[in-house]
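K.L.:
let me see the structure of the following:
(chains A and B)
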Amino acid sequence: MQQIINFLIRNRYLLLFLLLEIIALIFIIQSHSYHKSKFITSSNSIIGGIYTKTNNLSNYFSLAQENEKLAEENTYLKNLLSKKNINIDSVIRHVTDTVYHQEYQYITAKVINNSYSKRNNFLTINKGLKHGIQKDMGVILPNGIIGVIQDVSPNFATILSLLNENSKINVGVKNSNHFGTLAWNGKSYEEAQLLDFPRRASLKIGDTIVTGGKSVLFPEGIPVGTIKNLNLRNNYYENITVTLFTDMSNLGYVYIVNNIDKKEIENLEKKHE
Amino acid sequence: MSNIFFSNAFRFIGLVFLQILIFNNINLFGYLNPYPYIAFVFLFPFKKERSALLIFSFLIGLTIDFFTDSGGIHAASTLFIAYFRLYFVQLILRKSEFEYYTFQITSISVDKVLVYFFVLILIHHFLMFSLEFFDIQSFFEILKRTLLSTIFTFLVTTFGYYILVSKNR
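P.N.:
Numbering: from 1, shown residues only, chains lettered A, B, ... in the order given. From the prediction side, this is the model:
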């Protein structure tokens, strides 16, 4: 007994070092698994609060750019409206639509902490549970996808960025029904990689990649990027690189997608498993 | 005693804020950031009792992890250099030069301070990027980032050290 105590005292720094190192390793392993909710997260109130304060300052520098983005989006939406032949200038219009069914609901949030230069990137936004945000909601911009909600606290949430090894997003080619997976190899924040594309999908350089319909996280057909490079070897596609439309290094306001039918779809799909 | 405590507490908070507000957003060439917060470990007083050094080094790493959602990679690597700091200093300096109670980093020569900084930064960054990528196939990417970030951190740390800490300006 005495010997054991002596041993512990003699090696107390080594033991303390090992203990803390093991704790850190447990956190790291936890952070590499996508499904577990994390302890180390910037979505808590202290860190979110600090980021909000500093973001309020830096906000002013990007106002002009933010305005331009909004104006562009307005033009896009106006064009969509005019295609549908709905006159928005008239005072009140009642449209009786018997097949009306709202599938998606959008929540705006501001990115208060952005990272894009690491292997596994996360973003922090200034909205959380109180504003209706929940884990596994998609996050988009009008011209691209950002990621998926990972951890939520009452006032803040973290997003698992598209630029993360755990991010796998279902995408397809515009005007075709072939689907593949969008992943990121950790190199450039302007490019992502396409995996598991069937050989029969005839891909060309310059094709537009859009979100696929198989995922319940994102609405179908949101533009993601264009194919920059691809190799065809042994009749299989290899190294398909996609240039992203979104500039991940410069994010202001983003939209969180709430798929109202998500629960129903998931319950239905569970029955088959 | 309390003076040492407060100066270290101040350094802890100051370095964390500098790191998360400024140095984490530099992104030189799109991906390079310096990590001068580990200067906390370099400057922590040399004492025979080392548990404070280990615990606070772990905590400063963990704080950075909280801010950057990086799991525990900063905690693990900062703790590692904190533990091996002593052996390393004994290695650079001759044993006779090293006395716990009188030892101060400002009293050793410039070239030895620089070697001390450089090697600890290199070890820290290599561990950190290895844990971040967690993948043997990315070995060259890890090596590239380690080397470039080490140079960056080294420049920032040395600059800060000679402006703020060193007595022989």
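
K.L.:
most proximal residue of chain B with respect to chain A?
P.N.:
residue B:71 (2.8 Å; CB to the nearest CB). All C-beta spots, glycine's among them, are computed from the backbone N, C-alpha and C.

K.L.:
now do the SS call for that residue.
P.N.:
coil (DSSP: H, G, I helix; E, B strand; the rest coil).

K.L.:
is it true that it touches residue A:39?
P.N.:
No. The criterion here is CB atoms under 8 Å, and residue B:71 misses it with residue A:39 at 9.6 Å.

K.L.:
quick check: which helices or strands does the helix or strand hosting residue A:258 pack against?
P.N.:
Assigned by DSSP states H and E, residue A:258 belongs to strand A:253-259. Strand A:253-259 sits against strand A:104-113, strand A:138-141, with contacts defined as 3 or more CB pairs under 8 Å, 6 or more residues apart in numbering or on different chains; DSSP states H and E.

K.L.:
mind listing what the residue sitting nearest the centre point of chain B touches?
P.N.:
Ranked by distance to the mean C-alpha position of chain B (CA atoms, centre = their mean), the top residue is residue B:38 at 2.4 Å. Counting by CB atoms under 8 Å, 6 or more residues apart in numbering or on different chains, residue B:38 touches B:78, B:81, B:120-121, B:124, B:153, B:157.

K.L.:
related to what we said a few turns ago, excluding chain neighbours, what is closest to the residue of chain B closest to chain A?
P.N.:
Residue nearest to residue B:71 in three dimensions, not counting chain neighbours: residue A:31, with 2.8 Å by CB to CB, 6 or more residues apart in numbering or on different chains.

K.L.:
contacting residues for that neighbour?
P.N.:
Here residue A:31 is in contact with A:38, A:40, A:120, B:69-72 (criterion: CB under 8 Å, 6+ apart).

K.L.:
ok, then the element right after the helix or strand containing it?
P.N.:
Take DSSP H and E as the rule and residue A:31 turns out to sit in helix A:12-32. The helix or strand immediately downstream of helix A:12-32 is helix A:45-58, counting by DSSP H and E.

K.L.:
shared neighbours, residue B:71 and residue A:39?
P.N.:
With CB under 8 Å, 6+ apart as the test, residue B:71 and residue A:39 both reach A:27, A:30.

K.L.:
more crowded one of these two?
P.N.:
residue B:71 (26 against 14; other CB atoms under 10 Å in any protein chain shown).

K.L.:
what residues does the stretch 101-250 of chain A put near chain B?
P.N.:
Taking CB under 8 Å from any CB of the partner chain as the criterion, the stretch 101-250 of chain A approaches chain B at residues A:113, A:115-120, A:122, A:124, A:158, A:186-189, A:249.

K.L.:
and the residues you listed, which of them are in strands?
P.N.:
Among these, DSSP state E puts A:113, A:122, A:124, A:158 in strands.

K.L.:
tally up the residues packed near the residue in the stretch 151-273 of chain A that chain B sits nearest to, please.
P.N.:
Nearest to chain B, among the residues of the stretch 151-273 of chain A, is residue A:158, at 5.9 Å (CB to the nearest CB). Residue A:158: 26 surrounding residues under other CB under 10 Å.
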